[in-house]
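Enquirer: here is my input, please return the structure:
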Amino acid sequence: MVFTVIARITNNRETAEELTLDVFHDVWRRASTYDAAGGSVVGWIMNQARSRAIDRVRFDQRKKRVNQHADDPLPVAAARDPHEACDLKDQGRRLRQALMLLRPEERQVIETAFFSELTYDEVAARLDQPLGTVKTRVRSGLMKLRQALAEPAKER
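Expert: Have a look, this model is predicted:
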């Protein structure tokens, strides 16, 4: 059942095999945290499988987007136009300022997830935090970044 759900979500047999092993390893490791009040064992396991598969699909999609931009022939340091170089420098400054608005916990999970290109499950394991906490911190941190970067630059 676990393999079938993951295979349907990811549409990739190798990924489904890998994630099925990961799910059962995680179930074995976290069996003591199972709470019967939250539902059946099968439901608990299937929820983990579904979440892990969705995280992998999102990760793969994000990875494809990042790789498309990696082929861009115009790196920041080699901007052709001085105005473009100035704009890139300004964007970098604004991003650094926006990152300073985050709580340390939010910044840590965002940096771990995006700069290390990890799934939320992998971030949770690496930081030894619950998956829900990681997702909440990423979501709230990204909202703060969006708001900060949406504001017009004050020095223009």
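
Enquirer: use CA for all of it now, contacts and neighbours both
Expert: Fine.

Enquirer: for the helix or strand of the chain with the lowest mean pLDDT, which positions count as buried?
Expert: Ranking every helix and strand in the chain by mean pLDDT, DSSP states H and E puts helix 82-100 at the bottom, with a mean of 78. Residues of helix 82-100 classed as buried: 85, 88, 94, 98-99 (neighbour count, 16 or more other Cα atoms under 10 Å).

Enquirer: can you show me the CA trace of stretch 82-92 as PDB?
Expert: Only the C-alpha atoms of stretch 82-92 are listed here, as PDB (Å, rounded to 0.1, in the frame of the first residue of the first chain):
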ATOM      1  CA  PRO A  82      26.200  49.000 -15.100                       C
ATOM      2  CA  HIS A  83      22.600  49.600 -14.200                       C
ATOM      3  CA  GLU A  84      21.900  45.900 -14.100                       C
ATOM      4  CA  ALA A  85      24.900  45.400 -11.900                       C
ATOM      5  CA  CYS A  86      23.700  48.100  -9.600                       C
ATOM      6  CA  ASP A  87      20.200  46.600  -9.500                       C
ATOM      7  CA  LEU A  88      21.600  43.100  -8.700                       C
ATOM      8  CA  LYS A  89      23.700  44.700  -5.900                       C
ATOM      9  CA  ASP A  90      20.600  46.400  -4.600                       C
ATOM     10  CA  GLN A  91      18.600  43.200  -4.700                       C
ATOM     11  CA  GLY A  92      21.300  41.400  -2.700                       C
END
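
Enquirer: which strands and helices sit next to the least confident helix or strand of the chain?
Expert: Counting contacts by 3 or more Cα pairs under 8 Å, 6 or more residues apart in numbering; DSSP states H and E, helix 82-100 packs against helix 131-150.

Enquirer: show me the contact partners of the helix it packs on.
Expert: 94-95, 98-99, 101-103, 105-107, 109-110, 120-121, 123-124 (Cα atoms under 8 Å, 6 or more residues apart in numbering).

Enquirer: one more: stretch 15-29?
Expert: By Cα under 8 Å, 6+ apart, the list of residues contacting stretch 15-29 reads 2-4, 6-7, 10, 45, 48-49, 52-53.

Enquirer: do that again at 6 Å, thanks
Expert: With Cα atoms under 6 Å, 6 or more residues apart in numbering as the test, stretch 15-29 has contacts from 3, 6-7, 49.
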